[in-house]
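Q: Quick one: sequence plus predicted model below, questions after.
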Amino acid sequence: MVMGGDEAVLISDPVLAGSDTWATAYVLAKALEKLAPFDLVLCGAASSDGDTSQVGPSLAEFLSLPQVTYVAELTMEKKGERFSCLKITDRGTQRIECELPAVVTVTAELNTPRTPSFRSVATATQKEIKTLTVSDLDIDASMVGTEGSPTRVGEIFEPAAKNVNTEFLEGEPEEMADLLSERLKREGLF
């Protein structure tokens with residue numbers, strides 16, 4: 001709201017505690033269906049807790065909408081009809097055009113948030129944030145929360161470090177390349 005949003009909706013209900021990515025996407029889809037119409041649904045590329053990158057794509061599936069993930073740049077081509085975007089892939093980037101409505105997961109490169117002014121902060125504190133519950137969204141409570149989630153986290157741990165002998169090469173690039181090539185040949189890896 002401080003950054004210029006016209007309205008905000010909070011989905012909050014104790015029944016939602018323990019929801020996995022599937023249940024979370026399901027709840028968000030039900031909320032969007034209730035709040036429709038919409039043109040573009042923006043999601044973060046991944047959460048900071050599980051980092052699974054599953055909610056955005058699952059949401060698109062629940063809504064039967066096209067999706068583009070890991071978007072670093074987005075331009076509306078024809079307002080309300082289509083957009084063009086730059087998608088980050090494991091091999092570089094890809095330019096994609098997509099019809100609206102759609103779901104897009106975005107990376108931090110998409111935008112640098114501006115610092116809100118005192119006036120926008122003051123205005124935002126006066127705006128009401130609507131709260132929706134599971135019953136407001138006509139959701140079957142057995143489909144959400146720990147019991148309604150098809151995945152379970154058995155354990156979270158940091159894997160033990162392997163006994164790896166790490167060596168950093170120093171020198172000019174050509175010298176380091178020759179040294180690395182010799183070592184790889186000696187180890188039978190090249």
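A: Thanks, I have it. Computed from a prediction, not measured in an experiment: that's the story for all the values here.
Q: which residues touch the residue nearest the centre of the chain?
A: Ranked by distance to the mean C-alpha position of the chain (Cα atoms, centre = their mean), the top residue is residue 45 at 2.2 Å. Contact partners of residue 45, counting by Cβ atoms under 8 Å, 6 or more residues apart in numbering, are 53, 56, 69, 70, 105, 106, 107. (Glycine included, C-beta is placed from N, CA and C.)
Q: out of these, who's nearest residue 120?
A: residue 106 (21.7 Å; Cβ to Cβ).
Q: one step back: give me the subset of the contacts of residue 45 that lies in strands.
A: Among the contacts of residue 45, the members falling in strands (DSSP state E) are 69, 70, 105, 106.
Q: Output these in JSON lines, with neighbour count, pLDDT and distance to residue 154 appended to each entry.
A: Compiled in JSON lines, the ones in strands among the contacts of residue 45 are given as follows (neighbours: other Cβ atoms under 10 Å; pLDDT from 0 to 100; distance: Cβ to Cβ, whole Å):
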{"residue": "69", "neighbour count": "19", "pLDDT": "95", "distance to residue 154": "27"}
{"residue": "70", "neighbour count": "22", "pLDDT": "95", "distance to residue 154": "28"}
{"residue": "105", "neighbour count": "24", "pLDDT": "94", "distance to residue 154": "26"}
{"residue": "106", "neighbour count": "20", "pLDDT": "94", "distance to residue 154": "31"}
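Q: Give me the nearest residue to the residue nearest to the centre of the chain, chain neighbours excluded.
A: Among residues not flanking residue 45 along the chain, residue 105 sits closest, at 4.6 Å (Cβ to Cβ, 6 or more residues apart in numbering).
Q: list the contacts for that neighbour?
A: 42-46, 53, 56-57, 67-71.
Q: and of those residues, the nearest to residue 93?
A: residue 70 (9.4 Å).
Q: secondary structure element for the residue nearest to that closest one when sequence neighbours are not counted?
A: Residue nearest to residue 70 in three dimensions, not counting chain neighbours: residue 88, with 4.4 Å by Cβ to Cβ, 6+ apart. Element membership for residue 88 (DSSP states H and E) is strand 82-89.
Q: Surely residue 98 forms part of a helix?
A: No. Counting by DSSP: H, G, I helix; E, B strand; the rest coil, residue 98 falls outside a helix, being strand.
Q: give me the beta-bridge partners of residue 41?
A: With DSSP bridges applied, the residues forming beta bridges to residue 41 are residue 103.
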